[in-house]
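In: Test case, fold it:
(one chain, ligands or ions: 2)
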Amino acid sequence: MVFAHDTEQSLVAAVTLVNTAGPPDTLETVADLDAYYERFEFTGRHERTRAELEEVRALRLPLRRLLTADRDTAAELVNAMLAEARALPRLVRHDRFDWHLHAVSADAPLVSRITVEVAMAMVDVIRADEHSRLGVCADEDCDGLVLDLSRNRSRRFCSTACGNRNAVAAYRARQAADA
Ligand SMILES: [Zn+2]
Ligand SMILES: [Zn+2]
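Out: Numbering: from 1, shown residues only. Ligands and ions are numbered 1, 2, ... in the order given. The predicted model follows:
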């Protein structure tokens with residue numbers, strides 16, 4: 001494990017959220033947001049409204065900026081996000097989750113909780129100088145974000161689909177070169 005469990009979970013959730021912007025966009029309905037909320041085991045306020053969905057959709061671009069920013073810029077963005085949300089870190093233990101950090105209350109809007117969670121995770125990334133764990137997909141035509149939590153830092157593609165497509169292309173190129 002590169003980071004603490006909750007940090008890794010938040011980073012995976014953040015990258016997944018940014019990548020829903022597609023194409024194709026896969027966060028278009030309240031049901032899509034519901035599925036995202038369940039998948040990443042969010043707890044606390046969740047209104048299941050179009051307004052909440054729109055807020056989370058609109059968060060994808062600023063999150064993308066944060067996750068692709070250089071280290072110094074990311075630090076400034078994190079500070080601004082935490083200040084705006086009036087984040088107050090504290091250790092909590094709830095449901096099946098052992099002690100971890102929350103920095104806004106459980107009844108804050110979902111969009112603020114996601115923002116603060118990602119900002120807090122980036123605090124760890126920046127402090128550990130592990131920025132190289134974040135990048136953009138190596139596929140020429142894909143802007144998907146890649147989070148590499150592997151030991152040997154071998155992850156280059158945002159998805160298995162992109163990985164497979166490029167493996168096939170590389171194989172064909174080798175075949176052509178041999179022919
Ligand atoms: Zn929690
Ligand atoms: Zn990709």
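In: This protein: helices as residue ranges?
Out: 5-19, 30-39, 50-68, 71-84, 110-127, 160-178 (DSSP state H).
In: Would you mind getting the angle between the fourth one and helix 110-127?
Out: Helix 71-84 runs at 140 degrees relative to helix 110-127, counting by axes from the mean of the first three to the mean of the last three Cα atoms, to 10 degrees.
In: From T115, how far out is P24?
Out: Relative to T115, P24 is positioned 24 Å away (Cβ to Cβ, to the nearest Å). C-beta coordinates here come from the backbone N, C-alpha and C atoms, glycine included.
In: Tell me which of these two has more neighbours.
Out: Neighbour tally, P24 and T115, criterion other Cβ atoms under 10 Å: the higher count belongs to T115, 26 against 7.
In: Contact residues of the protein facing ligand 2?
Out: Residues of the chain found near ligand 2 (Cβ under 5 Å from the ion) are C137, D139, C142, G144, C158, C162.
In: Identify the residues contacting the nearest residue to the fourth one once chain neighbours are set aside.
Out: Beyond its immediate neighbours in the sequence, the residue positioned closest to G144 (Cβ to Cβ, 6 or more residues apart in numbering) is C158, lying 3.0 Å away. Residues counted as contacts of C158 (Cβ atoms under 8 Å, 6 or more residues apart in numbering) are V15, N19, V136, C137, D139, C142, G144, L145, V146.
In: which residues of this structure score low on pLDDT?
Out: Scanning the chain with the threshold set as pLDDT under 70 gives no residue ranges.
In: So the residue lying closest to V111 once chain neighbours are set aside versus ligand 2, what's the distance?
Out: Distance criterion Cβ to Cβ, 6+ apart; nearest residue to V111, sequence neighbours excluded, is E55 at 4.0 Å. With distances taken as Cβ to the ion, to the nearest Å, E55 is found 26 Å from ligand 2.
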